[in-house]
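>>> Got a predicted model here, sequence first, then my questions.
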Amino acid sequence: MYDPDSLLGGGGMVWRKIWDGNGRRRRKRPDFYEEGVELVRQELYHEALISFRLSLKYSPRHPATLEQMAVVYTHIGLTDDAVRAYGAALEERPRSTAAHYGLAFLLLKKGAEREASRHLQEFLAYARGDREEPRHLEHARRTLQRLGVPVAESAAH
């Protein structure tokens, strides 16, 4: 019997969502975004990228998908791709705190402190305390202070 998991690793999950056990295409379109998120939880990053790319076929430029792809690219060391994915997400959703936060720290690693501090300021300007992790808010504030940017200045936007 054909076992998609043995040939595709975790990618068999995609195969079973598109095709039934008899090789016929299923009628309902799978939720590739949610599948990608689950694969990220399992640290199956390359498989998650496949799911996210399939998700973008149905919903091009979907900000949450682009943000998740950026996270995956970061995990597998493709920093330039992560920066591009966060940038594309911000084109679609300019107030995305997740994209501003993630992009800021990637830019810091590249030595682009001025641009990184701008994204940290955007993150703090758009962040809502009830929605954001307190540790992310504190990390952003401490990083801005280390960069010499007054934190009070970062809250005004």
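Sure, I can see it.

>>> When you work out contacts or count neighbours from here on, use the C-alpha atoms and nothing else.
OK.

>>> Extract the C-alpha trace of stretch 78-86 and format it as PDB.
Provided in PDB are the C-alpha atoms of stretch 78-86 (Å, rounded to 0.1, in the frame of the first residue of the first chain):
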ATOM      1  CA  LEU A  78      17.200  32.500   5.300                       C
ATOM      2  CA  THR A  79      17.300  36.000   6.800                       C
ATOM      3  CA  ASP A  80      17.000  37.900   3.500                       C
ATOM      4  CA  ASP A  81      13.900  35.900   2.600                       C
ATOM      5  CA  ALA A  82      12.500  36.600   6.100                       C
ATOM      6  CA  VAL A  83      13.100  40.300   5.700                       C
ATOM      7  CA  ARG A  84      11.300  40.200   2.300                       C
ATOM      8  CA  ALA A  85       8.400  38.300   3.700                       C
ATOM      9  CA  TYR A  86       8.000  40.700   6.600                       C
END
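
>>> which parts of it are buried?
Thr79, Asp81, Ala82, Val83, Ala85, Tyr86 (16 or more other Cα atoms under 10 Å).

>>> Run the chain-centre distance for the helix or strand containing Gln145.
Using DSSP states H and E, Gln145 sits in helix 134-146. Chain-centre distance of helix 134-146: 20 Å, with Cα atoms, centre = their mean, to the nearest Å.

>>> Please name every helix or strand in contact with it.
helix 113-126, helix 151-155 (3 or more Cα pairs under 8 Å, 6 or more residues apart in numbering; DSSP states H and E).

>>> model confidence over the shortest one, on average?
Just to be clear, that refers to helix 151-155. Summarised as a single mean, pLDDT over helix 151-155 is 54.
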